[in-house]
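In: Got a predicted model here, sequence first, then my questions.
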Amino acid sequence: MRKVAVIGAGMTLFRRRLMETPKELCFEASRMALDSAGVEMKDVDAVISGSAPDAFDGVHMKGEYYSDGCGAYRKPYMRVYVGGGTGVFSAIAGWYHIASGLADIALVVNEEKMSSCMPHPQSVFAYIWDPILDRPLKPNLVWIFAMEMNRYMTIHNIKKEDIARVAVKNKRNAVGHPCAQLADPNITVDDVLNSEVMAWPVQRLDISPPSDGAAAVVMASEDAVKKLKVETPVWMKGVGWCIDSTMWTDRDLYFPEYVASAAKMAYKMAKIDNPRKQIDFAEPYDPFDYKELHHMEGLLLCKKGEAPILTREGVTQRDGDLPTCPSGGLLGVGNPIAATMGQKIGELYWQLSGQAGKRQIPHEIKTGVANAWGDLMQYGSVVVMGV
Amino acid sequence: MGDTKQWPGIELSSEDLIGKKVTQTRYHPKAQYSWAAGEAISRFLNELKEGKLIGRECKHCKKILFPPRMFCEQCFKPTSNWVYLKDTGTIQTYSISYLDKDARRITDPIFVGVVSIDGATEKMGIMHYFGEVTKDTIRIGMKVKARWKPAIERTGSVLDIEYFRPLKEGEQ
Amino acid sequence: MKVGIIGIGIAGFRTSTPEYSWKELTYEAASRAYHDAGVDPRKDVKAFVTCAEDYWEGFGIFDEFTPDQVGGALRPVCTVCGDGMHGLATAFMQIKTGLVDVVAVEAHSKISDLLTYEGVVQHALDPIWNKPLRGHPFYVAGMEMNAFLRASGNNEKQCAAVVEKNRNNALKNGIAAYGSPLDLNDVLTSEKMFDPLKKLEISGLADGAVVIVLASDTAARKLKRKPIWVKGVGWANDSPSLETREWTQAKYAELAAKMAYKLANIRNPRSAIDFAEVDDRFAYKELQHLESLGLAKKGEAGKMTARGDTQIDGKFPVNASGGSLGCGDVVEASGLHRVAEVALQLRGDAGKRQLDGVKTGLAQCWRGIPSTSGAVAILGVGP
């Protein structure tokens, strides 16, 4: 199988509202990624973009609309969109563009501009539900997370404190991230437990906010890496993706089967049979604090119900045995859906190439795993990267 | 990344947008839809109007699927026949919401969750409201029964059921 | 490693399908494709690619509603925001990596569920520069037709000839929604909607679904299937902005074709390719695409059409299926339908529309107003 590496990355600040238009956000992230990789647009064979609901930016077929911001002018261009799974899936798309032999260098740009949606981007989430079965009940997006969180907590008898620890860890980790929207060096478990109840058991500080932002990575084939004399390529060792049935009310939400399925696919390609030992650090998707735990188990990094224990014991701290979300994750840096590629793929790249600055994991790391997640508790995209 | 001093992005405040301090353009898209419910869901809705819940049997998987569908997504074969279900079930999970659909705060919380329906295969359910419960009485595993709207008020919608409420002693 | 098509399934195009939900319509096309390919999607298909846009469907995240009806529940599925042909290119790449060997591609139109088609197309326009101008967005097609005809020397009568050909061809196609024995005069005297674009030069909308199964040569052999090979594939974008795009040529088609020809080792497209299925959503587009694809010299596409060269019994048949004008505009399923038609022709399965002795065909698509995005696929028979 043709080897593919990430050779550069870039991202914009993540904020609740940014002035830049979708095209400008794409440009800023792309420009940064190209500069960091030492290549120009003329060297890029294909452009891939990932972005979630068109309704946020307020343009139908928005992938076409902002394509010039991604440098896709007169180039092969493809937009992928798998809900919240896009943050990692677009890098998988970049991978197969190159691993297939159709491209040597690819630019992957993920963008989200949630602030354009008025009165609040939340309103878009009313339309992700089935129009006949669910929408008449006037659901709020937080409900489905609350239902999943409740099921997970009840089946494993997990205390809210252990879940809150994730929010505290990630928001504190984010202090080292230059783009972070919600870094907080002083946040405590009590702060989370005392925050306003939105939809029990979900409280305000359990959730990551809407954000504007963009992230980009440059990927290259082994040949291109040699030609460009890249010093610190970080290789795509394994990829996997999986979607579960639309009928989410027929599924037991306590375990993300689809994340496990995607992880198995990625681990098989990466020749990993003991993830807990062979994976050095992880960037699971953390739009809510309990999701990090849910996904750690889905990524087979620990047994079902064990993730809260690992968190309580400090194993997932940056200096722990399995640093998890050293970037600060979505909880700390922000959640512009697809652009979270910056904290997942971007972070894997920056950590493994020694460029993570204040967030650098203080011990040797060789292999990392990241996942993104989305749709109606349905989508898992997993990537294993290593040096 | 270590070298970069200036990260791109100019932050705006809510006031900048709402108070029109930044140049902006506003647009309301015309996007209206009327979805054909299809064979399975049309029958499901018509039965709701009659005060009944209906599922579809997949003979191949030996499962009774609910909500009903014309094909089984597990074995990919067409489902075989209609099966009437009971209007009782079990709470699989729930939430107590202090937010309405537009994220506005409400003081009277909404109890909502997934209820698996008796007569269908285990864990086949729908999302619906729960009523006549409090945050102290509601629990996963509780047995519940549908409270239907009176026949003249039913329109062929999931809202023909007002909510699911705790099953009383001796009830079926 | 070669990649080929081993299964084709089409749920016939109709102006509305009120008895089906989009899931049920797609399930029909998928069942047909899997039966044709001799595969159990739950075991033999290793990945699925679906092609959709939220606003065509009326959903905040349409990807959620894609897997069950193609057999993708708890399987690797991805959604591409593109035409079905972008999905085909995706499946092609996924197989070429060696990670998966059988991939299904799905695209559908349930456009009858959308009550405000014009509103949604307008929603695709640039919010700052174009939306404020209001108006039905097909003015973009009218402008392009005007620019194209002036620059190329093709004329309105030749555009009308495309409509006559395609709508008559569609009478031979069981899945077509708009087969009609209309003639040149009918078209030329039809109402000017976006002058010079006339009413009968605009494809009518239709519902429908297409599913195609692709496999590596090894997998095809194991399944005892004789594939139609995907010899080349290409896709490209021009500038999305109305103000800076190329108006006289379909640059996206030229670049996509260049990429596909390179992969297929084609130096002289006109001699290497026997027939083509190109986008004709607006009649002039067929002429513009033929020239941009290098299948007709500049200014020659109209003459070719007037001479009858592009008829089913002509020197270079174009849109024997009836195209979008004859079958219906099935939105993002259009390109996949063209691929299906080319494959059916190469198999000898095109019924009354069958072209004689064809060995290599080209399928091309365009994503419609206001995009400058399209793809090309070259299919061929062979060992």
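Out: Structure's in. What do you need? Numbers count the residues shown, from 1 in each chain, chains lettered A, B, ... in the order given.
In: domain ranges for chain C?
Out: Chain C breaks down into these domains under automatic domain parsing: C:3-115+C:206-228, C:126-204+C:230-380.
In: Run the chain-centre distance for the shortest one.
Out: Shown here is domain C:3-115+C:206-228, whose average C-alpha point lies 14 Å from the average C-alpha point of the whole chain (C-alpha atoms, centre = their mean, to the nearest Å).
In: okay if I get the domains of chain C as a markdown table plus distance to chain B?
Out: C-betas here are computed from N, CA, C, even on glycine. Formatted as a markdown table, those follow (distance: least, C-beta to the nearest C-beta, whole Å):
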| stretch | distance to chain B |
| --- | --- |
| domain C:3-115+C:206-228 | 3 |
| domain C:126-204+C:230-380 | 5 |
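In: what about the one residue in the stretch 51-200 of chain C that gets nearest to chain B, distance to chain A?
Out: For the stretch 51-200 of chain C, the residue closest to chain B is C:G119, as judged by C-beta to the nearest C-beta, at 2.7 Å. Using C-beta to the nearest C-beta, to the nearest Å, one gets 9 Å for the distance from C:G119 to chain A.
In: which residues touch that residue?
Out: Counting by C-beta atoms under 8 Å, 6 or more residues apart in numbering or on different chains, C:G119 makes contact with B:P29, B:K30, B:A31, B:Q32.
In: if we go to 6 Å?
Out: Shown in contact with C:G119 (C-beta atoms under 6 Å, 6 or more residues apart in numbering or on different chains): B:K30, B:A31.
In: next one: C:L287
Out: Here C:L287 is in contact with C:N154, C:A301, C:G302 (criterion: C-beta under 6 Å, 6+ apart).
In: after the helix or strand containing C:A236 comes which helix or strand?
Out: C:A236 belongs to strand C:228-237 when elements are defined using DSSP states H and E. Counting by DSSP H and E, the next helix or strand C-terminal to strand C:228-237 is helix C:251-263.
In: Now that next one: average pLDDT?
Out: Averaging pLDDT along helix C:251-263 gives 98.
In: Any chance you could list what contacts it?
Out: For helix C:251-263, the external contacting residues (C-beta under 6 Å, 6+ apart) are A:74, C:232-238, C:289, C:292-293, C:372-376, C:378.
In: coming back round to it: among the contacts of C:L287, which are in helices?
Out: Cross-referencing the contacts of C:L287 against helices under DSSP state H gives C:A301, C:G302.
In: Just the buried ones from the contacts of C:L287, in ChimeraX syntax?
Out: For the buried members of these, the matching ChimeraX selection, counting by 16 or more other C-beta atoms under 10 Å in any protein chain shown, is:
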select /C:154,301,302
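In: now the contacts of C:L287 as a markdown table including distance to C:Y178 and pLDDT?
Out: Converted to a markdown table, the contacts of C:L287 look like this (distance: C-beta to C-beta, whole Å; pLDDT from 0 to 100):
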| residue | distance to C:Y178 | pLDDT |
| --- | --- | --- |
| C:N154 | 23 | 98 |
| C:A301 | 22 | 98 |
| C:G302 | 22 | 98 |
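In: which among the contacts of C:L287 gets closest to A:G63?
Out: The nearest member of these to A:G63, counting by C-beta to C-beta, is C:A301 at 29.7 Å.
In: my guess is the closest one meets C:H289, correct?
Out: No - using C-beta atoms under 6 Å as the test, C:A301 is too far from C:H289 to be in contact (8.4 Å).
In: Distance check, the residue lying closest to A:C117 once chain neighbours are set aside against A:I128.
Out: For A:C117, ignoring the flanking residues on the chain, the nearest one in space by C-beta to C-beta, 6 or more residues apart in numbering or on different chains is A:F56 at 5.0 Å. Separation of A:F56 from A:I128 (C-beta to C-beta, to the nearest Å): 12 Å.
In: C:A29 too?
Out: The value you get for C:A29 to A:I128, if C-beta to C-beta is used, is 25 Å.
In: Run through the residues of chain B sitting next to chain C.
Out: Contact residues (C-beta under 6 Å from any C-beta of the partner chain) of chain B with chain C: B:25, B:27, B:29-38, B:70-71, B:73, B:76.
In: The closest residue to chain B within the stretch 51-200 of chain A: which element?
Out: Taking C-beta to the nearest C-beta, chain B has its nearest neighbour within the stretch 51-200 of chain A at A:A146, 3.4 Å off. Per DSSP H and E, A:A146 falls inside helix A:141-156.
In: May I have the predicted confidence score for B:D3?
Out: 57.
In: ugh, typo on my part, it should be B:D102
Out: On pLDDT, B:D102 comes in at 78.
In: Tell me which other helices or strands the longest strand along chain C touches.
Out: Longest strand in chain C, counting residues (DSSP state E): strand C:3-14. Under the contact definition 3 or more C-beta pairs under 6 Å, 6 or more residues apart in numbering or on different chains; DSSP states H and E, strand C:3-14 sits against helix C:22-37, strand C:207-216, strand C:228-237, helix C:334-347.
In: Could you list the buried residues of it?
Out: Result for strand C:3-14 [16+ other C-beta under 10 Å]: buried residues C:V3, C:G4, C:I5, C:I6, C:G7, C:I8, C:G9, C:I10, C:A11, C:G12, C:F13, C:R14.
In: re earlier: out of the residues of chain B next to chain C, which is most surrounded?
Out: Highest neighbour count within the residues of chain B next to chain C: B:E73, with 25 neighbours (other C-beta atoms under 10 Å in any protein chain shown).
In: Can you check my assumption that it lies in a strand?
Out: No - secondary structure of B:E73 (DSSP: H, G, I helix; E, B strand; the rest coil): coil, not part of a strand.
In: The closest residue to it other than its chain neighbours - how many residues pack around it?
Out: What sits nearest to B:E73 in space, not counting adjacent residues and going by C-beta to C-beta, 6+ apart, is C:D68, at 3.7 Å. Neighbour count for C:D68, taken as other C-beta under 10 Å: 22.
In: Which neighbouring residues are in contact with C:D68, exactly?
Out: By C-beta under 6 Å, 6+ apart, the residues touching C:D68 are A:S245, A:T246, B:E73.
In: gap between it and A:I132?
Out: Distance from C:D68 to A:I132, by C-beta to C-beta: 15 Å.
In: ok so, going back, can you tell me which of the contacts of C:L287 lies closest to A:T311?
Out: Looking at the contacts of C:L287 and their distance to A:T311, the nearest is C:A301, at 65.7 Å (C-beta to C-beta).
In: The strand holding C:A236 vs helix C:334-347, what angle?
Out: Angle of strand C:228-237 versus helix C:334-347, following axes from the mean of the first three to the mean of the last three C-alpha atoms, to 10 degrees, is 150 degrees.
In: Who are the packing partners of strand C:228-237?
Out: Where contact means 3+ C-beta pairs under 6 Å, 6+ apart, strand C:228-237 is packed against strand C:3-14, helix C:84-96, helix C:251-263, strand C:373-380.
In: ok, and what's touching the first one?
Out: Residues from elsewhere that reach strand C:3-14 (C-beta under 6 Å, 6+ apart): C:25, C:28-29, C:32-33, C:36-37, C:92, C:95, C:175, C:177, C:206-215, C:220, C:225, C:227-230, C:327-328, C:330, C:340, C:343.
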